[in-house]
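In: for reference, the sequence and a predicted model appear below.
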Amino acid sequence: MTEAGLDTRPMSLATSPTRQHLEYAVRLSDSPYKRAFATLEPGDEVAVFGPIGNFVLDETGPAILIAGGIGITPFKGMAEYAADRALPVPIRLVYSSRSQDEIVYRDELAALEAQNPRFHVLHTVTGLATHWRGATGRIDLGLLREAAGDLADPVYYVSGTPSMVVGTLRLLRGEGAPADDIEVEAFRGYGLGTTWRAPPSAAETAGAFPRSSLLAGRVRPVPERASASTMGRWTTRISSGRG
């Protein structure tokens, strides 16, 4: 509930189904929804319905994950799943951030690289990078080709701001990547002509979903806040219903 009334939205899960909690991350702003999100405290009750969508990792072949900013959230969950399941497929993550201080989940991604020898992260920073030793600039063909390397027929997953997503799609199609091998995180706000509809209100959801889709939980603290100062991170421990 926000100061403007009830507001429900689809959100990317930042955790794998192999983990014992649900995790969400958002870039903070002054919108009523983000302000309400930022005021959540450990023990607050929340309601979750879903899952919705099909932006999930194909476990049968190589994957290239392409993230811009807070678009990293679904890919953290995919990387956790691949590591926890010891999937025998190579996964490369190309991750663009405005600065090294705004690299969300930097430590977690490094830990997943250490846990999973088939997972590799390529960072790039688009803003001022005085002490940064990695790649700089926007995601381009050179970085995508480096990520692809000798991978055979990888599936590309793209998640980020509308402009980043559209620009990346143009690069991939220009390289001849088949449309069937490109997946986009399609939630409200991307503006890509997807078929997403706004989530139903609480009144509309009453009795509309099977019990397994209606979850209640309480917000709990996370061990550390993410490194980006403009990003909020919350986890939810489910207390009723079934996932």
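Out: Sure thing, it's come through.

In: residue boundaries of the strands in the chain?
Out: Under the criterion DSSP state E, the chain contains strands at 22-27, 45-49, 63-68, 91-97, 119-125, 135-136, 155-159, 182-184, 214-220, 231-240.

In: switch those over to a markdown table; also include mean neighbour count.
Out: Quick note: C-beta positions are derived from backbone N, CA and C, even for glycine. Below are the strands of the chain laid out as a markdown table (neighbours: other CB atoms under 10 Å):
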| stretch | mean neighbour count |
| --- | --- |
| strand 22-27 | 20 |
| strand 45-49 | 15 |
| strand 63-68 | 26 |
| strand 91-97 | 24 |
| strand 119-125 | 19 |
| strand 135-136 | 16 |
| strand 155-159 | 24 |
| strand 182-184 | 18 |
| strand 214-220 | 17 |
| strand 231-240 | 17 |
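
In: which of those strands has the lowest average pLDDT?
Out: Considering the strands of the chain one by one, the lowest average pLDDT is found for strand 214-220, at a mean of 43.

In: need the strands of the chain in CSV with distance to residue 110, can you?
Out: Below are these laid out as CSV (distance: least, CB to CB, whole Å):
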stretch, distance to residue 110
strand 22-27, 17
strand 45-49, 29
strand 63-68, 15
strand 91-97, 11
strand 119-125, 8
strand 135-136, 16
strand 155-159, 20
strand 182-184, 25
strand 214-220, 24
strand 231-240, 17
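
In: of all those strands, which lies closest to residue 147?
Out: Between residue 147 and the strands of the chain, the shortest separation by CB to CB is 4.2 Å, and it involves strand 91-97.

In: just checking, what packs against that closest one?
Out: Using 3 or more CB pairs under 8 Å, 6 or more residues apart in numbering; DSSP states H and E, the elements in contact with strand 91-97 are strand 63-68, helix 73-84, strand 119-125, helix 141-148.

In: okay, these in TSV with distance to residue 45 next?
Out: Listed next are these as TSV, based on distance: least, CB to CB, whole Å:
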stretch	distance to residue 45
strand 63-68	31
helix 73-84	22
strand 119-125	35
helix 141-148	41
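
In: of all these, which lies closest to residue 156?
Out: If you check each of those against residue 156 by CB to CB, strand 63-68 wins as the nearest, at 5.1 Å.

In: tell me what angle that closest one forms with strand 119-125.
Out: Computed with axes from the mean of the first three to the mean of the last three CA atoms, to 10 degrees, the direction of strand 63-68 lies at 30 degrees from that of strand 119-125.
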